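Enquirer: build the 3D model from these lines:
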Amino acid sequence: MSKGTTSGKARANWNDNLDVIFSDAVVKETLDGNVTQNGFTKVGWNNILKDFNEQSQCDYNMDQVRNRLNNLKSKYKVAKALTVLSGFGWDPTTCVFTASSAVWDEYLKAHPDAKCFKKSPFLVYDHMAFLCDGKVTEGKFRKSYHRQPNQERVSIDILEDTQEIRANGESLPLQDEPVIQREESVHSPDNERSVTKDANKGRETTNAKRKASNISELSEAVTELVEAHRFRASYFQSVDDPYGLNKCITTLEKLEGIEEEEIYDAIELFEKPHAREAFMSLKPHRRLNWLRRELSRPTMV
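Expert: You can find the predicted model right below:
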């Protein structure tokens, strides 16, 4: 397990798989309401750290996860800028940006911080879009949830609406019901009371419908987010697989003397199961030389 604090112990070794696990925990605490306008509450951060360490089998500390969230938010801003640029495409299945070499080379001259997206996926783009912009995405933004002036947290307010509707025993209508008035004199007191009662009922029905619509939309959006997370998690092998991609990347990042560009190229190479198996089966002191030989083959150009 990776241990460490920011005061002298081993640094945290992050990879795409750990980022997904971490971002899942962050989104969960956001939806649970353990967040304020200034960031997560103490309870929220403690839950994030606990859930992440349990799921990842790591032993990271609070500073390390806080710093990682800031880093991922910064990466999201860079990635978000790419989504609106001519010449760049986005594959929502693999979470990879696509562009010609010429387009990449020209853009990276002025924006070197985007280099990490040239060959590597950004699997937590939708997590960060949800956290930073309140949006659920899959390539393109499909739904947006903006805070109303009287809403501190949309998810909590809608949750309260759900409880209110159920507590009152109201059914949730699929459409507005017509207002039925009695055939009585327009000026009769009974008719005035009936009209007032029907008008109030109409407003209550509309409010209930609006609440139901909000609940349904948020529920659908969160379901889509969870399904996307599960699909992307299947991209990796199980943590118990000795040749799993996450273990290969963790081992890769610990190699002494390896260059950053070589790491990106190796991740692409590790899409092949036999390459992962060969890499992990070699003795540690032979892995870097083997990797460089494989990366130098014409098929990798």
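
Enquirer: skip the chain neighbours and tell me the closest residue to residue 107.
Expert: Excluding its sequence neighbours, the residue lying closest to residue 107 (CB to CB, 6 or more residues apart in numbering) is residue 114, at 6.5 Å. Backbone N, C-alpha and C define where each C-beta goes, glycine included.

Enquirer: could you do residue 66 as well?
Expert: Using CB to CB, 6+ apart, the nearest residue to residue 66 is residue 45, at 7.3 Å.

Enquirer: that neighbour touches residue 64, doesn't it?
Expert: No. Residue 45 is beyond contact range of residue 64, at 11.9 Å (criterion: CB atoms under 8 Å).

Enquirer: residue boundaries of the helices in the chain?
Expert: Residue ranges of the helices in the chain, as given by DSSP state H, are 16-31, 42-56, 62-82, 101-110, 116-119, 125-133, 154-167, 189-233, 245-253, 260-269, 273-281, 284-295.

Enquirer: return the member of these having the minimum mean pLDDT.
Expert: For these, mean pLDDT drops lowest on helix 154-167, to a mean of 37.

Enquirer: any idea how this protein splits into domains?
Expert: 1-144, 157-233, 237-301 (automatic domain parsing).

Enquirer: for the residue nearest to residue 107, what are its contacts?
Expert: 78-79, 81-82, 107-108 (CB atoms under 8 Å, 6 or more residues apart in numbering).

Enquirer: and the furthest pair within those?
Expert: Longest distance between any two of the contacts of residue 114 is 13.8 Å, between 79 and 108; criterion CB to CB.

Enquirer: ok, these two, which is more surrounded?
Expert: residue 79 (21 against 14; other CB atoms under 10 Å).

Enquirer: these two touch, right, the more buried one and residue 122?
Expert: Yes. Under the criterion of CB under 8 Å, residue 79 makes contact with residue 122 at 5.3 Å.

Enquirer: related to what we said a few turns ago, contacts only, for the residue nearest to residue 66.
Expert: Contacts of residue 45 (CB under 8 Å, 6+ apart): 62, 65-66.

Enquirer: now do 10 Å
Expert: With contacts defined as CB atoms under 10 Å, 6 or more residues apart in numbering, residue 45 is in contact with 26, 29, 34-35, 39, 62, 65-66, 69.

Enquirer: returning to what we had before: got any residues that touch both of residue 79 and residue 108?
Expert: Shared contacts of residue 79 and residue 108, counting by CB under 10 Å, 6+ apart, come down to 114, 117.

Enquirer: ends of stretch 30-45, what's the gap?
Expert: 10 Å (CA to CA, to the nearest Å).

Enquirer: what comes up buried for it?
Expert: Within stretch 30-45, the residues scored as buried using 16 or more other CB atoms under 10 Å are 30-31, 33-35, 40, 44-45.
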